[in-house]
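*Asks:* Using only what follows, build the 3D model:
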Amino acid sequence: MSWAEIKTFFASLTLQKLIPVVLIVVVGLIAVKLLLRLFDRGLERSKLDRTMFAFVRTIMRVLLYSLLVLIAASSLGIDVSSLVALVSVISLAISLAVQNTLSNVVGSITLLATHPFRVGDYIEVGADSGTVEEITMSYTKLATPDGKRVYIPNSDAASARICNYSVEGKRRIDLYFTASYGDDTEKVKNAILKAASGMKRLEDTEPVVYLNEFQDSSVQYFLQLWVKTEDYWATRFALNEAVRREFDAQGISIPFPQLDVRVSQ
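*Replies:* Got it, this is the predicted structure:
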């Protein structure tokens, strides 16, 4: 549209033309607010995640207001088809400029729709692990056990292998202990079980010990113990100390690699 056409358009505006447009805008704004309220009620009744809730509501708001602008422009005699084409070109340019951001948004939609994890879950994503603090439209925030905060792009999280340690509410502790070949097998197994019996474990489960492997300088034993997810780390560390104390009390030796060197004349 040239400058002369713009001047002609504004010169042609009369009160008779403006009054219907103003009425359309006023009624349209009221209708948009009512529709958004109804939409909010529908979302609140659903089990949609709060982050997804805000994102879907924003999209709906943009669509409704864009439709209202097109209707108002059409009532003024503006060629809506050219306006739609212009908006499409601008949208394409913006999409190319923020391609990475859009991929993160798509990733967040995937995560919020499939629910592989929720806020508060302890997860492992690729090489990172920690407790989920927040799921935004761009990043998933993890709090690691050593006090760090990791921001994982949602596009990476959606395509990565995710291990959720909290979803089942329980975890199995797998620990390996070694004893010398001179120690009786049943004595070692009973010592490990005695140490494990003092731990807080999951109801209706019992610790189990197996002779796992014959190594070069020792015999390896394998302990399995089921605990609640929130008790995992505390029980794991306490169990190591308890087994060490029980080994010392019963005279069970923990061997270390040895090398015998023979010198011949």
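*Asks:* I'd guessed residue 21 sits against residue 72; true?
*Replies:* Yes. Residue 21 is within contact range of residue 72, at 5.6 Å (criterion: Cβ atoms under 8 Å). Bear in mind the C-beta positions are built from the backbone N, C-alpha and C, glycine included.
*Asks:* Going by neighbour count, list what's buried in stretch 57-74.
*Replies:* Neighbour-count burial for stretch 57-74 flags 60, 64, 68, 72 (criterion: 16 or more other Cβ atoms under 10 Å).
*Asks:* what does stretch 246-264 give?
*Replies:* 246-247, 252, 255.
*Asks:* List the contacts of it.
*Replies:* Here stretch 246-264 makes contact (Cβ atoms under 8 Å, 6 or more residues apart in numbering) with 177-180, 182-183, 187-188, 191-192, 194-195, 216-218, 244.
*Asks:* as a whole number, average confidence for that stretch?
*Replies:* Here stretch 246-264 scores 84 as its mean pLDDT.
*Asks:* how far out from the middle of the chain is it?
*Replies:* 46 Å (Cα atoms, centre = their mean, to the nearest Å).
*Asks:* give the contact list for the residue lying closest to residue 139 once chain neighbours are set aside.
*Replies:* Nearest non-adjacent residue to residue 139, counting by Cβ to Cβ, 6 or more residues apart in numbering: residue 151, 4.4 Å away. Shown in contact with residue 151 (Cβ under 8 Å, 6+ apart): 139-142.
*Asks:* In CSV, list the buried residues of stretch 246-264 along with secondary structure and distance to residue 126.
*Replies:* Shown next, in CSV, are these (DSSP: H, G, I helix; E, B strand; the rest coil; distance: Cβ to Cβ, whole Å):
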residue, secondary structure, distance to residue 126
246, helix, 38
247, helix, 37
252, coil, 40
255, coil, 37
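*Asks:* In stretch 220-238, which residues are buried?
*Replies:* Residues of stretch 220-238 classed as buried: 221, 223, 225-227, 229, 231-232, 235-236 (neighbour count, 16+ other Cβ under 10 Å).
*Asks:* what pLDDT does residue 88 get?
*Replies:* Residue 88 carries a pLDDT value of 66.
*Asks:* quick one: which of the contacts of stretch 246-264 is nearest residue 26?
*Replies:* Checking these against residue 26 with Cβ to Cβ, the nearest one is residue 195 at 76.5 Å.
*Asks:* quick one: which helix or strand includes the spatially closest residue to the closest one that is not a sequence neighbour?
*Replies:* Leaving aside its sequence neighbours, residue 195 sits nearest to residue 242 (Cβ to Cβ, 6+ apart; 3.9 Å). Assessed by DSSP states H and E, residue 242 sits inside helix 232-250.
*Asks:* hmm, back to that, show me the contacts for the residue nearest to residue 195.
*Replies:* Contacts for residue 242 (Cβ under 8 Å, 6+ apart) come out as 195-196, 198-199.
*Asks:* Generate a PyMOL selection restricted to the buried subset of the residues you listed.
*Replies:* Buried members of those can be picked out in PyMOL with the line below, counting by 16+ other Cβ under 10 Å:
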select buried, resi 195+196+199
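*Asks:* can you list the contacts of residue 242 in CSV and add secondary structure and pLDDT?
*Replies:* Formatted as CSV, those follow (DSSP: H, G, I helix; E, B strand; the rest coil; pLDDT from 0 to 100):
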residue, secondary structure, pLDDT
195, helix, 94
196, helix, 93
198, coil, 87
199, coil, 90
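*Asks:* Output the below-cut-off pLDDT ranges for this structure.
*Replies:* By pLDDT under 70, the weakly predicted segments of the chain are 1-17, 43-44, 46-56, 77-105, 258.
*Asks:* Mind naming the longest helix for it?
*Replies:* Determined from DSSP state H, the single longest helix within the chain is helix 15-45.
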